[in-house]
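Colleague: Quick one, fold the following:
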Amino acid sequence: SPVIKHAKLQELAEMSKRLTLPASSFVTFGDTGAGKSTLLNALIGESNILPTNGMRACTATIIEISYNKDERGPAYLGEAQFVTREEWTKELNILVDDLTQQDGRCIIMEPDSKQPNYQAYCKLNAVYGLDYRNSYTVTTSPTTGQRVRQNIMATALKSKLLNHPMMQHLGTIKKEQSDNPNTFRR
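Modeller: Numbering: from 1, shown residues only. Reported below is the predicted structural model:
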């Protein structure tokens, strides 16, 4: 009967207010460009929340995604917590050391993906892009008079990258919100 159906629906509505679903977590990990962000986008039913690019690292950090239960707020909320300057300095030293050749100069061209320093290259490229890849000096050869391009020395690269404008974000938290996934992704 309609009366019983209505009563049962009201009872279910009251019960659902008291229920809390258990949280569940899962972890994805893999090589750069393996499709981790693409998988997460597919699982949440959006194609543009997390940036993706099969050729290079886009996210390059730990990502936590959760459902926004607050129906009054924006559909998409994000918070990026940047490592401290001290943490990044330690990481940068390791990355640059991994890319330093015997002559003290750094590799700035993409190494073969099977090389042990490939992940270090990908991380610096993801954070600094052209500012990293264009880290070379041009000099004139005293014998030939030709212009010679040389990769930057490791100490100079560390100094350059630690003074990059992006470093102003270290130790901060950036919050984003939007009702549009494309706007949120920016």
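Colleague: Name the spans of this protein whose pLDDT lies under the cut-off.
Modeller: The chain contains residues with pLDDT under 70 at 21-23, 32, 53-62, 66-71, 185-186.
Colleague: what's the single longest helix in it?
Modeller: helix 2-18 (DSSP state H).
Colleague: Any buried residues in it, and which?
Modeller: By 16 or more other C-beta atoms under 10 Å, helix 2-18 has no buried positions at all. Placement of C-beta: from N, CA and C, glycine included.
Colleague: Stretch 43-51 now?
Modeller: 46, 49-50.
Colleague: Tell me how many other residues crowd T183.
Modeller: Counted with other C-beta atoms under 10 Å, the neighbours of T183 add up to 13.
Colleague: in what helix or strand does it lie?
Modeller: helix 181-185 (DSSP states H and E).
Colleague: As PDB, could you dump the C-alpha coordinates of that helix?
Modeller: Taking Å, rounded to 0.1, in the frame of the first residue of the first chain, the C-alpha atoms of helix 181-185 are listed here in PDB:
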ATOM      1  CA  PRO A 181      36.400  20.200 -13.300                       C
ATOM      2  CA  ASN A 182      38.300  22.100 -16.000                       C
ATOM      3  CA  THR A 183      38.600  25.200 -13.900                       C
ATOM      4  CA  PHE A 184      39.600  23.200 -10.900                       C
ATOM      5  CA  ARG A 185      42.400  21.400 -12.800                       C
END
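Colleague: how distant is it from the center of its chain?
Modeller: 15 Å (C-alpha atoms, centre = their mean, to the nearest Å).
Colleague: for this structure, what spans make up the helices?
Modeller: Going by DSSP H, the chain shows helices at 2-18, 36-43, 85-98, 118-128, 130-133, 154-162, 181-185.
Colleague: in terms of contact, does E110 touch N125 like I think?
Modeller: Yes: taking contacts as C-beta atoms under 8 Å, E110 lies within contact range of N125: 7.4 Å.
Colleague: Neighbour count for the two, which is higher?
Modeller: Taking neighbours as other C-beta under 10 Å, E110 and N125 compare with N125 leading, 19 against 14.
Colleague: Would you mind measuring from the more buried one to Q81?
Modeller: Between N125 and Q81 the distance is 22 Å, computed by C-beta to C-beta, to the nearest Å.
Colleague: and the closest residue to K175 other than its chain neighbours, how many residues sit next to it?
Modeller: In space, and not counting its chain neighbours, K175 is closest to E79: 5.2 Å by C-beta to C-beta, 6 or more residues apart in numbering. For E79, the count of nearby residues is 10 (other C-beta under 10 Å).
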